[in-house]
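> no letters, just coordinates:
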C-alpha cells in the first residue's frame, strides 16, 4: 500500500508538473512585447470616454455618431507612428482601466491623470498635457465664491473617476459631492439646482462656459488643497511594454516641442464651438 501510494503521488506530481509546463507554454504570448503584438494585428485599440470636450466627445457625421477631439487626434498620431490602423472604443470613464487590464483595449487616452492609485494598476507614458482645475457655477453665483473655504461649503459635482473627484474627496475632504459620468449631465444638474458648482479641468470649464447660457467659470480662485494641477498621460497595461512606452514618449516629446499638440488642441476647441452653433 505504501509503495502504491508513493507511486500514485509521484504520478500526480508528474501530472502537476506537466500542467505547469503547458501553462508556461500558453503564457508565452504574454511575454511578447506589446508593441510587437499591436503591429502583428495591424490595429491599435484605444479606449476613451467621449464626454470631456475638447479632449474627447461625440459629433454627428452623415447621420452617424463619431468620436473626435484632441485625444483622438493624439491617438491617430500614435497609430501612424506605429504604422497601424486606429480603432476607438467608447466606454464609461471608470470602465477604462478594467478594459485595459482585460486586454479589451491596448491603451487609454481620455484625459487621464497618472495618480498613485492608478499607477498601481497600469503604466503611463510621459505627460502630454498639463492644466489646472476650474470651477463652473451659475452666472448669478460667479461673485459669491472667492475662496476655497467657501467652495468647501457647496454641493459639488465632478466627473466620476476623474482627477477632480480625487481633489474634492481628498483635498477638500468632502463626502457629499455628486459624481456623474458625463459633464453635460453635471451642468444640467447644476442648472436645475441639484448641485452648486462643477469642478473640471480649467480648459474644459472655459469651453463649457461658452456652450451653455447662464454658466460661468470662476476667475482668480486659488485651489491650494492639493490636486490643483491636472496632468494627462496615456495609460497602458503593465507588462512587457518598454518599447511601446518609449515610442509613445518619443512622439509626445516631438508633438510638444514642434507645437503640433497645441494645434491639435486648438482645432479640437474650434470643433466644439462649431458643433454648438
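Sure, I can see it. All figures in this text were calculated on a predicted structure; none of them were measured in a lab.
> got a list of what residue 114 touches?
Contact analysis of residue 114 by CB atoms under 8 Å, 6 or more residues apart in numbering lists 124, 127, 231, 233, 235. Yep, even glycine has a C-beta here, placed from its N, CA and C like the rest.
> now with 10 Å, please.
122, 123, 124, 125, 126, 127, 163, 231, 232, 233, 234, 235 (CB atoms under 10 Å, 6 or more residues apart in numbering).
> any chance of CSV for the residues you listed, columns secondary structure?
Below are these laid out as CSV (DSSP: H, G, I helix; E, B strand; the rest coil):
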residue, secondary structure
122, strand
123, strand
124, strand
125, strand
126, strand
127, strand
163, helix
231, strand
232, strand
233, strand
234, strand
235, strand
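> greatest separation within the residues you listed: which pair is it?
Largest separation among the contacts of residue 114 by CB to CB: 123 and 163, giving 17.8 Å.
> who has more neighbours, those two?
Per other CB atoms under 10 Å, whichever of residue 123 and residue 163 has more neighbours is residue 163, with 25 against 21.
> wait, residue 247 sits on residue 78?
Yes. Here residue 247 reaches residue 78: they are 7.7 Å apart, a contact under CB atoms under 10 Å.
> which element is encountered next along the chain beyond the helix or strand harbouring residue 135?
Take DSSP states H and E as the rule and residue 135 turns out to sit in strand 122-138. Using DSSP H and E, the helix or strand that directly follows strand 122-138 along the chain is helix 148-152.
> what's the mean pLDDT across that next one?
For helix 148-152, mean pLDDT is 92.
> what's next to that helix, contact-wise?
The contact list for helix 148-152 (CB under 10 Å, 6+ apart) reads 135, 137, 144-145, 168, 171-174, 196-197, 199, 218, 221-225, 228.
> got any ranges where the protein has weak pLDDT?
1-31, 225-229, 273, 275-277 (pLDDT under 70).
> if we go to 80?
Low-confidence segments of the chain (pLDDT under 80): 1-32, 161-163, 181, 203, 211, 222-230, 266, 269-270, 272-277.
> mind listing the strands for it?
Using DSSP state E, the strands found in the chain span residues 43-48, 51-52, 56-61, 64-68, 85-90, 107-108, 122-138, 156-159, 178-180, 197-201, 215-217, 229-237.
> need these in a markdown table (columns: distance to residue 209).
Shown next, in a markdown table, are these (distance: least, CB to CB, whole Å):
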| stretch | distance to residue 209 |
| --- | --- |
| strand 43-48 | 23 |
| strand 51-52 | 15 |
| strand 56-61 | 16 |
| strand 64-68 | 20 |
| strand 85-90 | 25 |
| strand 107-108 | 27 |
| strand 122-138 | 7 |
| strand 156-159 | 15 |
| strand 178-180 | 18 |
| strand 197-201 | 10 |
| strand 215-217 | 5 |
| strand 229-237 | 17 |
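> show me what contacts residue 101?
Residues counted as contacts of residue 101 (CB under 10 Å, 6+ apart) are 121, 122, 237, 238.
> and if you look at residue 106?
Listed by CB under 10 Å, 6+ apart, the contact set of residue 106 reads 34-35, 37-38, 41, 43-47, 78-79, 82, 84, 87, 89, 100, 236-237, 241, 244.
> ok, now with 7 Å
Residue 106 sits next to 38, 44, 45, 46 when contact means CB atoms under 7 Å, 6 or more residues apart in numbering.
> the first one: what's its closest spatial neighbour, skipping adjacent residues?
Taking CB to CB, 6 or more residues apart in numbering, and ignoring the residues beside it in sequence, residue 38 has residue 44 as its nearest neighbour in space, at 5.1 Å.
> as a markdown table, the contacts of residue 106 with distance to residue 114 would be great.
Shown next, in a markdown table, are the contacts of residue 106 (distance: CB to CB, whole Å):
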| residue | distance to residue 114 |
| --- | --- |
| 38 | 21 |
| 44 | 20 |
| 45 | 20 |
| 46 | 17 |
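> now those in a markdown table, with distance to residue 192 and neighbour count?
Formatted as a markdown table, the contacts of residue 106 follow (distance: CB to CB, whole Å; neighbours: other CB atoms under 10 Å):
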| residue | distance to residue 192 | neighbour count |
| --- | --- | --- |
| 38 | 44 | 21 |
| 44 | 40 | 26 |
| 45 | 37 | 21 |
| 46 | 34 | 26 |
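> closest to residue 256 out of those residues?
Closest approach to residue 256 among those (CB to CB): residue 46, at 19.4 Å.
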